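Asks: Coordinates only, no sequence provided:
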């Protein structure tokens with residue numbers, strides 16, 4: 001089980017965000033994605049999650065190429081800056097929805113792990129920012145998918161919940177999963193590997209501009 005990325009590149013609005021970016025993650029690895037603001041950490045995660053197109057390069061997940069969108073994305077759980085919760089549903093109903101969608105059944109463990117049992121009947125729109133974040137992260141754990149893509153997952157979390165989430169990540173990886181986490185803080189993981197991203201020069205050649213997938217509508 002592995003994620004292999006080779007010479008991946010992304011361009012948005014005529015500007016190259018990153019290019020020739022390569023790395024590999026194997027089963028059991030939690031990997032931290034580090035770099036200055038604007039280096040493309042969030043963009044990389046969104047490319048792998050299928051939310052924006054790549055400009056070039058390749059990626060494969062457990063042998064499935066990124067060009068096989070359904071096969072690639074069905075192995076990924078993504079958590080971005082938004083919590084991906086339905087405000088009109090209660091906390092329990094939100095998790096029940098995701099559990100039913102992914103066919104993972106019982107979601108009570110997720111509620112217990114993230115201290116949500118006491119607010120199970122509370123509408124999500126009435127939750128605090130931290131509670132919404134906990135609910136959004138609990139959603140990840142009810143999907144049985146090998147690769148977690150996490151973009152600053154501990155925003156709005158207290159120290160205790162951050163430590164809990166670190167244990168959840170390590171449990172996922174010990175079971176053979178993988179996690180790629182863009183974060184500037186120490187999550188408390190045990191010896192995570194770090195991948196550094198550097199800021200691109202911002203200069204875009206005429207040839208690169210012609211490859212802009214947003215202009216060509218090339219999402220392959």
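Replies: Sure thing, it's come through. Every value quoted in this text rests on a predicted model; they were computed, and no experiment measured them.
Asks: switch to C-alpha atoms for all contacts and neighbour counts from now on
Replies: Fine.
Asks: What is the longest helix of this structure by residue count?
Replies: helix 159-174 (DSSP state H).
Asks: What residues sit buried inside that one?
Replies: For helix 159-174, the neighbour count (16 or more other C-alpha atoms under 10 Å) marks 161-163, 165-170, 172-173 as buried.
Asks: which helices and strands does the very next helix or strand once past it pack with?
Replies: Sequence-wise, the next helix or strand downstream of helix 159-174 (DSSP states H and E) is strand 178-182. Where contact means 3 or more C-alpha pairs under 8 Å, 6 or more residues apart in numbering; DSSP states H and E, strand 178-182 is packed against strand 30-34, strand 147-151, helix 159-174.
Asks: one more time with 7 Å, if that's ok
Replies: Applying 3 or more C-alpha pairs under 7 Å, 6 or more residues apart in numbering; DSSP states H and E, we find strand 178-182 packed against strand 30-34, strand 147-151.
Asks: all helices for the chain, in order.
Replies: Counting by DSSP H, the chain has these helices, from start to end: 41-48, 69-73, 91-102, 108-113, 129-141, 159-174, 206-210, 213-216.
Asks: and the longest one, how far out from the chain's middle?
Replies: Between the mean C-alpha point of helix 159-174 and the mean C-alpha point of its chain there is a distance of 15 Å (C-alpha atoms, centre = their mean, to the nearest Å).
Asks: Neighbours of residue 91, how many?
Replies: When neighbours are defined as other C-alpha atoms under 10 Å, residue 91 has 28 of them.
Asks: what's the burial count for the residue lying closest to it once chain neighbours are set aside?
Replies: Once flanking residues are discounted, residue 91 sits nearest to residue 120: 4.9 Å by C-alpha to C-alpha, 6 or more residues apart in numbering. A total of 17 residues lie near residue 120 under the criterion other C-alpha under 10 Å.
Asks: Likewise for residue 75?
Replies: Counted with other C-alpha under 10 Å, residue 75 comes out at 17.
Asks: who's in contact with the nearest residue to it once chain neighbours are set aside?
Replies: Spatial nearest neighbour of residue 75, chain neighbours left out: residue 145 (5.0 Å); criterion: C-alpha to C-alpha, 6+ apart. Applying C-alpha atoms under 7 Å, 6 or more residues apart in numbering to residue 145 gives the contacts 75-77.
Asks: Also residue 114?
Replies: Under the criterion of C-alpha under 7 Å, 6+ apart, the neighbours of residue 114 are 134, 138.
Asks: quick one on the thing from earlier: quick one: the residue nearest to residue 91 from residue 98, how far?
Replies: 15 Å (C-alpha to C-alpha, to the nearest Å).
Asks: ok, the residue sitting nearest the centre point of the chain to residue 122 distance?
Replies: Nearest residue to the geometric centre of the chain (C-alpha atoms, centre = their mean): residue 149, 2.1 Å. Residue 149 is 28 Å from residue 122, where distance means C-alpha to C-alpha.
Asks: now residue 98
Replies: 17 Å.
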